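Asker: Please find the sequence and the predicted model below.
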Amino acid sequence: MDIETTSSTAAVTGARPAYRSQRKAEQLRAWITLAILTAGGLIVIVPFVVMFSVAFDKDAVFEIPFPFRIVPEHVSLDNFYTAIKNINMPRLYWNTLMIAVGVISIGTFSALLAGYALSKLNVKGGKIILLVVLATLMIPSEATLIPLFMLFKNMHLLNTYWAFYLPAIANIFGTFLAKQFMDGIPGELREAAVIDGASEFQTFSRIYFALSMPIVATLIILTFLNVWNSFLFPLIMLNDPAKYTIQIGIAMLRARTQTGEALPGLNMAATVLSIIPVLLVYLFFQRYIIQSIAHSGIKQ
């Protein structure tokens with residue numbers, strides 16, 4: 001009995017150093033991971049902090065103050081008032097929002113339809129069609145600007161929202177995302193709907209579209225970011241200042257200042273105003289994506 005007790009005690013005593021060593025290694029990995037994530041977070045956050053600091057600084061200059069300070073010495077809202085007055089920010093918001101809503105609606109719907117067809121309808125040559133369509137992603141968007149400009153000019157669609165809405169129909173990247181997502185939805189749902197007498201569009205709209213809310217939210221975020229931050233395409237398609245988008249307005253801010261110089265505080269204030277809708281949309285739909293995945297009822 002004493003021999004067994006001694007052996008058990010020795011085994012436990014020998015296991016403790018190993019357990020402690022393993023625990024220390026796990027703690028070390030946790031601290032290293034935390035340090036890397038903290039460094040990455042600072043790299044992302046610091047530019048935004050500097051941007052807000054310069055935007056609220058009435059006497060902002062290009063030189064970094066020493067010692068560096070986050071809170072400006074002269075906090076003021078003058079830069080925001082000047083930016084709103086000089087470039088008519090509410091009008092730019094409205095123009096960009098109208099373009100974004102139309103492009104999101106058309107692009108998301110067409111992507112879901114195409115993704116559903118390629119995923120569930122067993123289209124003859126569907127894989128080849130998908131490869132050919134995806135191959136067009138290798139063509140730089142700048143290479144298609146001049147042909148699109150000439151096309152819309154002959155169709156008298158310049159300075160109209162249709163110059164943005166029509167290209168949105170061919171949402172290639174969205175089609176790929178929708179197709180990949182719908183591949184994970186059971187095909188038995190379509191078969192059951194067809195047996196119950198539902199048409200193809202009813203099957204898509206009432207079943208697959210309802211289950212595709214996560215990918216819908218993702219497409220909304222990506223499309224909104226692309227449209228809101230777009231500069232070159234609106235600059236080519238629009239020549240009426242009353243229809244300029246937010247990015248063109250910020251670029252025109254320097255020309256509208258009395259001195260003709262790029263004022264750091266004024267530019268940063270306009271930039272802060274321009275990113276507020278982007279942050280709101282991203283934060284709202286990020287939560288919506290998580291909720292949609294949790295309540296979609298799809299078992300991966």
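Answerer: Happy to help now that I have it.
Asker: alpha carbons only for contacts and neighbour counts from here, please
Answerer: OK.
Asker: next one: phi and psi at Leu158?
Answerer: As for Leu158, its main-chain torsions (degrees, to the nearest 10) stand at phi -70, psi 150.
Asker: sorry, that was for Asp57
Answerer: Geometry field for Asp57 lists phi and psi as phi -90, psi 120, criterion degrees, to the nearest 10.
Asker: and it, what is it in contact with?
Answerer: Contact analysis of Asp57 by CA atoms under 8 Å, 6 or more residues apart in numbering lists 72-76, 79, 265.
Asker: cutoff 6 Å now
Answerer: Contact criterion CA atoms under 6 Å, 6 or more residues apart in numbering gives 72, 74-75 as the residues in contact with Asp57.
Asker: All the helices of the stretch 201-300 of the chain, in order from the start?
Answerer: Chain-ordered helices for the stretch 201-300 of the chain, with DSSP state H, counting those that start in this stretch as the definition, fall at 209-211, 213-228, 232-237, 246-256, 264-295.
Asker: Now the second one: buried residues?
Answerer: Residues of helix 213-228 classed as buried by neighbour count (16 or more other CA atoms under 10 Å): 213-221, 223-225, 227-228.
Asker: And the contacts of stretch 136-152?
Answerer: Residues lying outside stretch 136-152 but in contact with it, judged by CA under 6 Å, 6+ apart, are Leu158.
Asker: can you do 7 Å?
Answerer: The set of residues that contact stretch 136-152 without belonging to it, under CA atoms under 7 Å, 6 or more residues apart in numbering, is 158, 163, 237.
Asker: Stretch 113-128 now?
Answerer: 175-176, 178-179, 182-183, 187.
Asker: shouldn't Ala270 be in contact with Thr82?
Answerer: No - with the criterion set as CA atoms under 7 Å, Ala270 and Thr82 do not qualify as a contacting pair; they are 9.0 Å apart.
Asker: So for these two, which sits in the more crowded spot?
Answerer: Each of Ala270 and Thr82 had its neighbours counted (other CA atoms under 10 Å), and the higher figure belongs to Ala270 (25 against 16).
Asker: Run through this protein and note the low-pLDDT ranges.
Answerer: Where the chain drops to pLDDT under 70, the residues are 1-19, 60-69, 254-262, 287-300.
Asker: Repeat the analysis, applying 90 as the threshold.
Answerer: Flagging of the chain using pLDDT under 90 yields the residue ranges 1-30, 41-90, 114-147, 170-222, 225, 229, 239-243, 247, 249-300.
Asker: Next, format the contacts of stretch 136-152 as TSV and append neighbour count and distance to Ala100.
Answerer: As requested, the contacts of stretch 136-152 are arranged in TSV below (neighbours: other CA atoms under 10 Å; distance: CA to CA, whole Å):
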residue	neighbour count	distance to Ala100
Leu158	20	17
Ala163	23	12
Met237	21	15
